[in-house]
Structures are given as C-alpha cells and as structure tokens.
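S.K.: make a model of this:
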Amino acid sequence: MFIADLHIHSKYSRATSKDMEVLSLYKWAKVKGIKVLGTGDFTHPYYLNDLKTHLEPAANGLFRLRDKGEDVYFMLTAEVNNIFSAKGKERKIHTLIFAPSFEVVEKINARLSQYTDLSIDGRPTLPFSAKELVKIVLDISEDCLIVPAHAWTPWYGIFGSKSGFDSIEECFEEESRYIYAIETGLSSDPSMNWRLSSLDRITLISNSDAHSPSKIGREANIFHCNLDYYEIIDTIKNKDRNRLIATIEFYPEEGKYHFDGHRKCNVVFSPQETKRHNYICPVCGKRLTVGVMHRIESLADRPSGHRPNNAIPEIHLVPLEQIISEALGVQTTTKAVQEEYRRLVSIGGSEFEILLKLSMEELSRFVPPRILEGISRVREGKLFIKPGFDGVYGKIKIFDSEERQIRLF
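M.R.: Residues are numbered from 1 along each chain as shown. Here you go, the predicted model:
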C-alpha cells in the first residue's frame with residue numbers, strides 16, 4: 001500500500017516556489033510519506049532537462065532519483081490550459097497528462113510546441129479544444145492518461161461556473177470515452193461528486209496541485225497495487241476499489257472556491273443566499289463569483305449524503321503543521337512550529353504515518369498532549385470550519401476561541 005500525489009508544479013510555473021525542483025521534492029516526499037509523486041510540468045523544456053538529468057528508470061514506467069534508492073518514485077505528469085470557444089462561449093479547461101516515458105513526453109512536447117512556446121510557463125496555454133488534446137496525446141501513446149484537473153474550479157475546471165461545461169460528454173464529445181477519471185480539486189470532495197449520477201463510472205482522484213514543497217500531499221490517493229505506472233493507470237481506468245483504497249482530502253470548505261461570494265467586498269454566501277440576492281453582490285452591485293458548492297447543487301440529480309455502491313472511500317485530514325500551529329497558538333511559518341514538525345516527523349517516520357497510521361497510544365509516547373488532542377479531533381472530524389470563497393481560502397479551526405488563549409508551551 002502506498003500514497004501517491006500525481007499533480008504538482010515546478011519552479012517553472014507561474015506563482016510557484018523556486019524550491020519546486022526534483023531534489024527538494026524528493027526530500028519533502030520522504031517527509032510527507034509519499035511513495036509516488038507526479039513530476040508536474042514535463043512540457044517545460046528546462047524542467048524536462050532537469051528531470052532527465054536527475055531521474056532514471058525504476059519500476060515499470062516510473063522513475064527514481066539517481067543513486068538515491070527506491071524510497072520515492074516519480075511519474076511523468078503535466079497540466080495544460082486549453083482556451084477555446086464552444087457553443088458561443090469562451091472555455092478555459094485545465095487538464096492533466098500522465099505519460100510512461102521520456103520518449104513519449106518528447107513526442108507530446110514536439111506536437112504541442114507547434115501551437116505555443118512551451119518555455120513561457122510550466123502550465124502551457126494551448127489554443128485548441130480539450131477534445132483535440134485527447135486526440136493529440138492518445139495518437140502519440142495509448143498508454144497516456146488524460147484527466148480533467150480540479151474539475152469544479154470556476155474559471156479552469158471542466159464543470160466550472162465561469163467557463164466550464166455541464167458534462168464530460170459536452171466537453172470532450174466523442175473523445176469522452178477516453179476520460180476515465182476527474183480530479184475533484186481542493187474545493188470539492190468525492191461525497192459532493194457522488195450527487196451526480198453521470199459521474200458513477202468515473203474514478204475520482206485527489207492531488208495537491210502544490211506550488212510549494214510543503215503543500216505536496218495535502219490531497220493524495222492511497223493505492224494497493226504494484227509500484228508500476230501501467231498498473232496505477234489501469235487501476236484508475238477501471239475504478240478498481242481493491243487497488244485504489246481511498247483518497248486523502250482537504251476539507252472542501254477550506255478550498256478557495258467552495259462558497260459563492262465577492263472577495264473585494266468581503267461577501268460570502270451559501271448557494272441559497274446567492275439565489276436570494278439574484279446572484280448580485282449587495283455591496284457593489286456586480287455579479288457574484290459562483291463557487292463549487294453552488295455549481296454542484298445546480299447539476300446534482302441526487303440529495304446530499306447519497307453514496308453510490310461503487311464509491312471509493314475518502315479520508316479528510318488537516319496538515320500536521322496546521323495542527324501544531326493551532327496547538328502552539330502561533331503561525332505555521334514560525335520557528336517553533338517548524339522545529340516541532342521536524343521533531344515529530346523524525347520520530348514518527350513521516351507526516352502520513354502520524355496522521356493516518358500510528359495509534360493514539362503510540363503517538364502519546366512522543367507527541368505533546370495539546371497536539372495529540374488536535375490529531376484526535378481531526379481524526380474525529382470535530383472542527384470549526386469557515387468556507388472559502390472567490391479566491392479566498394477557508395479556515396479550519398481545531399480549538400475554539402477560549403481554548404486558543406491557552407498556549408502549549
């Protein structure tokens with residue numbers, strides 16, 4: 001059994017940390033407890049050169065850091081942005097591409113470079129449809145997998161309220177038969193997607209979309225299969241519940257597009273409140289940004305709480321740094337949090353070992369009581385949650401206001 005995060009970015013993408021490079025990612029994957037990590041950004045020529053320099057073939061279709069053993073594997077992945085018109089509307093769709101070899105990647109890049117300068121951004125913008133992307137990639141290799149990224153994000157998700165579609169078939173047309181999975185994104189989780197019967201055949205996967213190393217693994221997938229590119233892809237294609245055990249989820253309310261609202265006016269609404277205001281911001285009179293929860297409500301044909309028979313389980317977590325931060329009553333970036341994080345991980349083995357595997361009794365041997373209580377509350381889902389909206393992340397609180405006045409040290 002292993003954990004895989006298959007969507008991240010490199011330092012060559014916009015608004016991304018300079019530390020998003022192979023050596024740093026390898027170190028952080030070990031700290032987090034991630035066994036398979038997507039490379040991200042294989043379309044960028046400089047980053048592809050970095051990957052070729054530092055990685056070597058390992059398991060079937062996977063790669064490892066040269067001379068570093070097999071404690072972390074890498075899968076060749078990328079995200080692209082297709083901007084095109086369909087049915088009188090501009091569409092902006094982000095899509096993930098998984099590939100089995102550098103040879104396949106080079107062929108994909110050669111084709112895509114005919115349409116854009118791939119060195120401009122790690123997530124290149126392509127002036128053709130998502131449907132055409134499927135044709136181009138699968139004509140090069142049927143072993144590739146195409147997955148709509150963060151499917152519900154308003155501007156760049158396949159189901160987004162601003163530029164998306166109402167179904168996979170509407171977006172990909174005859175190529176929709178090659179879409180086996182979607183990425184639910186930070187602002188939605190599988191249980192929200194279970195409300196759409198049209199997604200019953202689709203495998204729901206979760207990844208971090210990390211722009212800095214400490215964010216990898218904030219969402220991920222738990223596999224019980226061989227460390228093999230082709231078996232991972234086959235597991236996803238067949239929605240095999242025996243091999244894809246569960247997804248690890250952000251609390252969707254913490255995502256920055258969960259609820260509706262208007263950031264400039266600090267207006268945040270539930271879907272019902274938005275409807276009562278006729279989708280208009282009561283402060284400035286402009287149209288509100290419709291979030292993920294509202295969009296799911298509009299497309300759902302099932303009530304909240306419905307669970308399909310073939311649903312793959314979900315596990316909601318709060319990052320260990322955040323738990324420590326609340327327990328200490330200081331920001332996650334402070335020295336105290338970082339030192340305690342490193343101490344706990346060095347003893348516990350990895351962040352996921354601490355959050356998912358070790359018993360409370362085992363944790364009590366090296367985890368301070370306040371942090372231990374935080375881990376317990378996260379496991380039980382006893383949290384205070386303020387939903388995100390219009391680009392503003394939501395807030396998860398483990399301790400109430402009175403408890404936060406009491407510091408650990």
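
S.K.: helix or strand right after the lengthiest strand in the chain?
M.R.: The single longest strand within the chain, with elements called by DSSP state E, is strand 73-86. The first helix or strand that comes after strand 73-86 along the chain, using DSSP states H and E, is strand 89-99.

S.K.: ok, and for the longest strand of the chain, which residues are buried?
M.R.: Within strand 73-86, the residues that qualify as buried are 73-82, 84, 86, counting by 16 or more other C-beta atoms under 10 Å. Where C-beta positions appear, they are placed from N, C-alpha and C, glycine not excepted.

S.K.: kindly report the same for stretch 281-297.
M.R.: Neighbour-count burial for stretch 281-297 flags 281, 288-297 (criterion: 16+ other C-beta under 10 Å).

S.K.: got CSV for those residues, with secondary structure, distance to residue 195 and pLDDT too?
M.R.: Output for these, formatted as CSV (DSSP: H, G, I helix; E, B strand; the rest coil; distance: C-beta to C-beta, whole Å; pLDDT from 0 to 100):
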residue, secondary structure, distance to residue 195, pLDDT
281, coil, 27, 96
288, coil, 22, 95
289, strand, 21, 94
290, coil, 17, 94
291, coil, 15, 93
292, helix, 12, 93
293, helix, 11, 95
294, helix, 13, 95
295, helix, 11, 96
296, helix, 6, 96
297, helix, 8, 95
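
S.K.: farthest-separated two in those residues?
M.R.: Taking C-beta to C-beta, the two most distant members of the buried residues of stretch 281-297 are 281 and 296; they sit 21.4 Å apart.

S.K.: what's the closest of the buried residues of stretch 281-297 to residue 248?
M.R.: Using C-beta to C-beta, these come closest to residue 248 at residue 292, 18.4 Å.

S.K.: what score does residue 258 have for pLDDT?
M.R.: Reported pLDDT at residue 258 in the predicted model: 94.

S.K.: please name the residues that touch it.
M.R.: Each residue near residue 258 by C-beta atoms under 8 Å, 6 or more residues apart in numbering is listed here: 187-188, 252, 291-293, 387-389, 394.

S.K.: re the thing from before, can you check what angle separates the longest strand of the chain from strand 89-99?
M.R.: Going by axes from the mean of the first three to the mean of the last three C-alpha atoms, to 10 degrees, strand 73-86 is angled at 160 degrees with respect to strand 89-99.

S.K.: elements contacting strand 73-86?
M.R.: strand 36-38, strand 63-65, strand 89-99, helix 102-112, strand 125-126, helix 130-140 (3 or more C-beta pairs under 8 Å, 6 or more residues apart in numbering; DSSP states H and E).

S.K.: deepest-packed of these, please.
M.R.: strand 36-38 (a mean of 26; mean count of other C-beta atoms under 10 Å).

S.K.: run me through the strand neighbours of it, direction for each.
M.R.: strand 2-5 (parallel), strand 73-86 (parallel) (DSSP bridges).

S.K.: show residues contacting the first one.
M.R.: For strand 2-5, contacts defined as C-beta under 8 Å, 6+ apart pick out 29, 32-38, 75, 207-208, 210, 216-217, 219-223, 227, 232, 248, 352.

S.K.: returning to what we had before: make TSV out of the buried residues of stretch 281-297 and add distance to residue 126.
M.R.: As requested, the buried residues of stretch 281-297 are exported to TSV (distance: C-beta to C-beta, whole Å):
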residue	distance to residue 126
281	33
288	30
289	25
290	26
291	26
292	24
293	30
294	29
295	24
296	27
297	31
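
S.K.: can you give the domain ranges for the protein?
M.R.: According to automatic domain parsing, the chain comprises the domains 2-253, 319-405.

S.K.: same for the longest helix belonging to the chain, what does it pack against?
M.R.: Across the chain, the helix with the greatest residue count (assigned by DSSP state H) is helix 335-348. Secondary-structure packing of helix 335-348 (3+ C-beta pairs under 8 Å, 6+ apart): helix 320-328.

S.K.: and the angle for the helix it packs on with helix 335-348?
M.R.: Using the same axes, to 10 degrees: helix 320-328 against helix 335-348 is 120 degrees.

S.K.: so what touches helix 320-328?
M.R.: Outside of helix 320-328, the residues within contact range by C-beta under 8 Å, 6+ apart are 214, 331-332, 334, 336-338, 340-341, 344-345, 351, 354-355, 368, 370-371, 373-375, 378, 396-399, 404, 407-409.
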